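Novice: heads up, no residue letters with this:
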């Protein structure tokens, strides 16, 4: 027999996915059938998860054309594969698909969400750098009036796939309402 606690979780794994803007209560049960007490810490995570599988832009998201001939679209609208990986769709800002010599300055903005000290932005990036182009990941904490650059990409990053995971901590904005 084990001298330590043995913890079982139900449901397994302890997850609950919610549509952005909806609420739901779910019971998560931990049971210990070991010989001694078991110490357990739970660290709930919440946030937006978007796979771009339905209409584009998704509900609550906005596409803003800041200048140029092209704006964010779903990858199938520009006849491109999902270089970010996976079997589904992805968001794409592809000036090449709009024609030779076109320019692009566009923003894909998330819905507003509450930032906590544990908040992070996680996404998979496939970026093809061209000339003086760049991809800025920005945050706004004033309803989209002003934006602050969190990270800039100015070199090829998995430009032909399968995509590179990117993590940007958002703890500096703890307690604020933000958009990305």
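Specialist: Arrived safely. Bear in mind the structure is a predicted one, so any value in this text is a computation, not a measurement.

Novice: so who does residue 138 touch?
Specialist: Neighbour list for residue 138: 107, 147, 148, 149, 150, 180 [criterion: CB atoms under 8 Å, 6 or more residues apart in numbering]. For every residue, glycine as well, the C-beta is placed using N, CA and C.

Novice: So how do I select the buried members of the residues you listed in PyMOL?
Specialist: In PyMOL, this line selects whichever of those come out buried by 16 or more other CB atoms under 10 Å:
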select buried, resi 107+147+150+180
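
Novice: Between the contacts of residue 138, which sits nearest residue 70?
Specialist: Nearest to residue 70 out of these is residue 107 (CB to CB; 12.4 Å).

Novice: helix/strand/coil for that closest one?
Specialist: Following DSSP: H, G, I helix; E, B strand; the rest coil, residue 107 is assigned to strand.

Novice: Could you pull out the buried residues of stretch 148-165?
Specialist: Buried residues in stretch 148-165 (16+ other CB under 10 Å): 150, 153, 158, 163, 164.

Novice: Just those residues: which are in helices?
Specialist: Assignment to helices by DSSP state H places none of the buried residues of stretch 148-165 there.

Novice: and of those, the nearest to residue 137?
Specialist: When those are compared against residue 137 (criterion: CB to CB), the nearest one is residue 150, at 4.8 Å.

Novice: tell me the contacts of the closest one?
Specialist: Counting by CB under 8 Å, 6+ apart, residue 150 has contacts 121, 137, 138, 139, 168.

Novice: excluding its backbone neighbours, what's nearest it?
Specialist: Distances taken as CB to CB, 6 or more residues apart in numbering put residue 137 closest to residue 150, at 4.8 Å, once the chain neighbours are dropped.

Novice: Low-confidence bits of the protein, can you list those?
Specialist: 1-30, 32, 34, 38-48 (pLDDT under 70).

Novice: Can you say which of the contacts of residue 150 are buried?
Specialist: 121, 137, 139.

Novice: Rebuild those residues as JSON lines, extending it with distance to residue 73 and secondary structure.
Specialist: Shown next, in JSON lines, are these (distance: CB to CB, whole Å; DSSP: H, G, I helix; E, B strand; the rest coil):
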{"residue": "121", "distance to residue 73": "21", "secondary structure": "strand"}
{"residue": "137", "distance to residue 73": "18", "secondary structure": "strand"}
{"residue": "139", "distance to residue 73": "23", "secondary structure": "strand"}
